[in-house]
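Novice: Below: sequence and its predicted model.
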Amino acid sequence: MNTNTEKKTEYTFKAPRGTEDILPEKWALWRRLEEVGRQEFELCGYYEIRTPVFEDTRLFIRSIGEATDIVEKEMYTFSDSEDSSITMRPESTAPVMRAYLEYELYKTKKFQKFYYIGPQFRKERPQAGRLRQFHQMGIEAVGASDPLLDVETISIAARIFDRIDLNGYKVKINSIGCEKCRPVFRNILKEKLCEHEKSLCELCQSRLNRNVFRILDCKNEKCKAISHHMPSINDYLCVECQVHAKVVRESLLEIGIPYIVDAHLVRGLDYYTKTVYEITHSSLGARDAICAGGRYDNLISDMGGPSIGSVGFAIGMEATILALKNVMSKSKTVSQEVSTPAPSIYIVSIGEETKKQCFYLLNLLRKSNLSADFDYEGRSPKAQMRTANKLGVKYVIVLGPDELARGDVKIKIMETSEEISLKQNDVLKWFLNKQSPSVSL
RNA sequence: GUGAGCGUAGCUCAGAUGGUUAGAGCAUUAGACUGUGGCUCUAAGGGUCGCGGGUUCGAAUCCCGUCGCUCACCCCA
């Protein structure tokens, strides 16, 4: 202990690197995104599921893939009191599938649609739109292989972005084939790339043996030039995958979702098959994806479940909000028109002896579902009025010694500065009458 | 893990070539006929100049280290 009593202990705590606090004034956009997401998901028949934020480490190794960066170096892993290994979830697809299998949900109904909203954890160096604790909202449509289902998921994401007024996003899609055709393509690609081995960047040279597909995604100019001349996976898809891709693309057109086929689009997670897609926003810079998803027909069987396919996506919420802010600051007309909740009535008390009655009134209003607040700091009437004004309340109730003696209150309508007197007993009735027309909407 | 840039009041930032008590705007609080808002005016509070060391008569300003933040790379939502 410090014996020097004069020395105050200095405050030194900080939110850990890569995490952020969403302060009250920042909440509006989050709310909007979350509410729109929920509505849209539920509109399309998806049900919310919440899984733990941590899971058995093996779940992620099994599903995401042992050789991926996520598993190799980005997971928050620790051991709990027993000798089992626990990992903070780096994504939510695997946990949702785990729940689906654990409760054998496929036995009651094979096809089920889930959505989730929540934090995810990845130990990476933070960067614009990328954090260590970040939030995703996503869907998983489990138990069907219909390509139209792939399209449904894309359309849901697109509609969410439309409804939050996020202009300027791009849908990129590709097919990465299945366990039948992908190995064939991988070998051909590898062969062809080996011819150019010395021209590839160092990293890509090592990728030749580890993950050939990733080379197609490399941003190095030389690698780009080389991969430009490489064959496209689209030319090597098996008939089944070809048909699948065709249906996806045609029906995207039919329902009016513009997209770009990006033959170089690959995914970082092992479990994808056939359709993969990504929605990006150009305002974001280097890390520009706001949504990523695709089909994973082997994940469930790989995890030891029945062999059924599924599709899903995850929307990166901070990336989306960042993009939304960029869009909003550009269009001057749509100034930060996002409402934060505030009470609509403020009660100004004057003098200690009136506080009790004010507090009684406050509770009366609140019990009737009217939003109201009052002063707990013992400040002057003027200061209380200032607070009321800052809060943007519509009405102020003033109750001082005079009113107390008469058994009434003054109600000030802030917009017009008009004041009226009311018996204390009539206050609630007065506000309820005011409320009812708007409530009936 | 690698590289670059930045680090001055709650916030946004000024503070050339080192020189007496570190500034502004916004925000906060209090006043302007002592029971009342928005505008205006006045005043006040608030800063170990990220931290540690060095150079110097003297450093927010130069050098080194360190921590933190940001952006980019790898990878990814």
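Specialist: Arrived safely, thanks for sending. Numbers count the residues shown, from 1 in each chain, chains lettered A, B, ... in the order given.
Novice: quick one, domains of chain A?
Specialist: Structurally, chain A divides into domains by automatic domain parsing as follows: A:24-180+A:238-330, A:345-432.
Novice: need those domains in JSON lines with mean neighbour count, can you?
Specialist: (Each C-beta comes from the backbone N, C-alpha and C, glycine too.) Converted to JSON lines, the domains of chain A look like this (neighbours: other CB atoms under 10 Å):
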{"stretch": "domain A:24-180+A:238-330", "mean neighbour count": "18"}
{"stretch": "domain A:345-432", "mean neighbour count": "16"}
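Novice: export those to JSON lines and tack on mean pLDDT and distance to A:Lys222?
Specialist: Listed next are these as JSON lines, based on pLDDT from 0 to 100; distance: least, CB to CB, whole Å:
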{"stretch": "domain A:24-180+A:238-330", "mean pLDDT": "92", "distance to A:Lys222": "15"}
{"stretch": "domain A:345-432", "mean pLDDT": "94", "distance to A:Lys222": "58"}
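Novice: can you list these in TSV and add distance to A:Leu200?
Specialist: Output for those, formatted as TSV (distance: least, CB to CB, whole Å):
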stretch	distance to A:Leu200
domain A:24-180+A:238-330	15
domain A:345-432	60
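Novice: How about the residues of the stretch 301-441 of chain A by RNA strand B?
Specialist: Contact residues (CB under 7 Å from any atom of the strand) of the stretch 301-441 of chain A with RNA strand B: A:314-316, A:318-319, A:350, A:379-383, A:385-390, A:396, A:398-403, A:410, A:412, A:414-417, A:419.
Novice: In helices only, show me those residues.
Specialist: The subset of these located in helices under the criterion DSSP state H comprises A:318-319, A:381-383, A:385-390, A:401-403.
Novice: do you know how far A:Leu404 is from A:Pro381?
Specialist: Summarising the geometry, the distance separating A:Leu404 from A:Pro381, computed by CB to CB, to the nearest Å, is 14 Å.
Novice: again but with A:Gly304, I slipped
Specialist: Note on A:Gly304: its distance to A:Pro381, by CB to CB, is 70 Å.
Novice: contacting residues for the most centrally placed residue in chain A?
Specialist: A centroid search over chain A (CA atoms, centre = their mean) returns A:Met317, at 3.1 Å, as the residue closest to the centre. Contacts were defined as CB atoms under 8 Å, 6 or more residues apart in numbering; by that measure A:Met317 touches A:Trp30, A:Leu33, A:Glu34, A:Phe134, A:His135, A:Gln136, A:Met137.
Novice: ok, now which ones touch the second one?
Specialist: Counting by CB under 8 Å, 6+ apart, A:Leu33 makes contact with A:Met137, A:Ile160, A:Ile164, A:Met317, A:Thr320, A:Ile321, A:Leu324.
Novice: how close does it get to RNA strand B?
Specialist: Distance, A:Leu33 to RNA strand B, by CB to the nearest atom of the strand, to the nearest Å: 13 Å.
Novice: quick one, phi/psi of that residue?
Specialist: Reported as degrees, to the nearest 10, the phi and psi values for A:Leu33 are phi -60, psi -40.
Novice: Show me the helices in the stretch 101-250 of chain A, by range?
Specialist: For the stretch 101-250 of chain A, helices defined by DSSP state H, counting those that start in this stretch occupy the ranges A:105-108, A:147-163, A:181-194, A:202-210, A:212-215, A:221-228, A:239-254.
Novice: CSV for these, including distance to A:Leu364?
Specialist: Formatted as CSV, the entries for the helices of the stretch 101-250 of chain A read as follows, by distance: least, CB to CB, whole Å:
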stretch, distance to A:Leu364
helix A:105-108, 48
helix A:147-163, 38
helix A:181-194, 68
helix A:202-210, 68
helix A:212-215, 65
helix A:221-228, 69
helix A:239-254, 56
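Novice: and of those, who's closest to A:Pro126?
Specialist: Closest approach to A:Pro126 among those is made by helix A:202-210 (21.9 Å; CB to CB).
Novice: Check the offset of the closest one from the chain's centre.
Specialist: Its chain's average C-alpha position is 33 Å from that of helix A:202-210, according to CA atoms, centre = their mean, to the nearest Å.
Novice: buried set for that helix?
Specialist: Along helix A:202-210, the positions that meet the burial threshold by neighbour count (16 or more other CB atoms under 10 Å) are A:Cys204, A:Gln205, A:Arg207, A:Leu208.
Novice: Could you confirm whether it reaches RNA strand B?
Specialist: Yes. Counting by CB under 7 Å from any atom of the strand, RNA strand B is contacted by helix A:202-210 at A:Leu203, A:Arg207.
Novice: got a list of contacts for that helix?
Specialist: Contacts for helix A:202-210 (CB under 8 Å, 6+ apart): A:Ala67, A:Lys190, A:Leu193, A:Cys194, A:Glu197, A:Leu200, A:Arg214, A:Ile215, A:Cys218, A:Asn220, A:Cys223.
Novice: Pick the one among these closest to RNA strand B.
Specialist: Distances from RNA strand B to the contacts of helix A:202-210, taken as CB to the nearest atom of the strand, are shortest for A:Arg214 (4.9 Å).
Novice: Not counting residues beside it along the chain, what's closest to that closest one?
Specialist: Distances taken as CB to CB, 6 or more residues apart in numbering place A:Arg207 nearest to A:Arg214, at 5.1 Å, with adjacent residues excluded.
Novice: How is A:Ser307 classified with respect to secondary structure?
Specialist: Using DSSP: H, G, I helix; E, B strand; the rest coil, the secondary structure recorded for A:Ser307 is coil.
Novice: The one 4 residues further on now?
Specialist: In three-state terms, and counting by three-state DSSP, A:Val311 is strand.
Novice: Once you drop chain neighbours, what's closest to it?
Specialist: Excluding its sequence neighbours, the residue lying closest to A:Val311 (CB to CB, 6+ apart) is A:Arg295, at 4.6 Å.
Novice: just to revisit the earlier point, would you check which pair of the contacts of A:Met317 lies furthest apart?
Specialist: Put simply, by CB to CB the two of the contacts of A:Met317 set farthest apart are A:Glu34 and A:Phe134, 14.3 Å from each other.
Novice: Thanks a lot, catch you later.
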